[in-house]
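J.: Attaching a predicted model along with its sequence, questions to come.
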Amino acid sequence: MTATATATATAPATATAPAAEARTLGLAHYAARGVLERVLARHGITFQQQVTLRAAVTADAPRTPDALVTQVRASLKADPADIRVTVDELLARDLLVEDGAHLRPTDAGRELLAAVAAETAPVTARIWGGIPADDLAAAGRVLALVTERADAELAALTA
């Protein structure tokens, strides 16, 4: 195969790509999440556990259980009772620990997230690599607006 044929065969079809809409957003989300969930399964952790643990690890200060549940709910739109079960699972696995009224990630929790990040980094680079910065910026703006609008609609539905 010539260099031109190789470049053509591997280049994304951006000229004929569908316009962004709910279905294309969903397909992209589930494709990327599918990759992550395969990695998480090898480490014995679920997607919701990873999101909850990451929220605890990346917090500026230790969170109370209620504050952690609220933060994860804002991200996943999951049932608070299910998130509380997830917190209990992380506590039972010693990935989080109670420290008075707060929850702190353990060294094992931090190490687990670091291992997942190390394993997903090359895959992430292959998925996102080569996308022009202007395209990423435009996609970021659109996705932020969609998130804002969807959050507003969800708030109206639950009010």
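T.: Yep, it's here.
J.: Burial check on residue 152, number of neighbours?
T.: Using other C-beta atoms under 10 Å, residue 152 has 10 other residues around it. All C-beta atoms are positioned from the backbone trio N, CA, C, and that covers glycine.
J.: which strands and helices sit next to the host helix or strand of it?
T.: Following DSSP states H and E, one finds residue 152 within helix 133-158. Here helix 133-158 touches no other helix or strand, going by 3 or more C-beta pairs under 8 Å, 6 or more residues apart in numbering; DSSP states H and E.
J.: give me that answer again for 10 Å
T.: If you count contacts as 3 or more C-beta pairs under 10 Å, 6 or more residues apart in numbering; DSSP states H and E, helix 133-158 packs onto helix 22-42.
J.: What are the buried residues along stretch 56-63?
T.: 56-57, 59, 62-63 (16 or more other C-beta atoms under 10 Å).
J.: List the contacts of that stretch.
T.: Under the criterion C-beta atoms under 10 Å, 6 or more residues apart in numbering, residues 55, 67-72, 87, 90, 95-106, 109-110, 112-114 lie in contact with stretch 56-63.
J.: Just want the angle from the helix holding residue 152 to helix 22-42.
T.: On the basis of axes from the mean of the first three to the mean of the last three C-alpha atoms, to 10 degrees, helix 133-158 is oriented at 90 degrees to helix 22-42.
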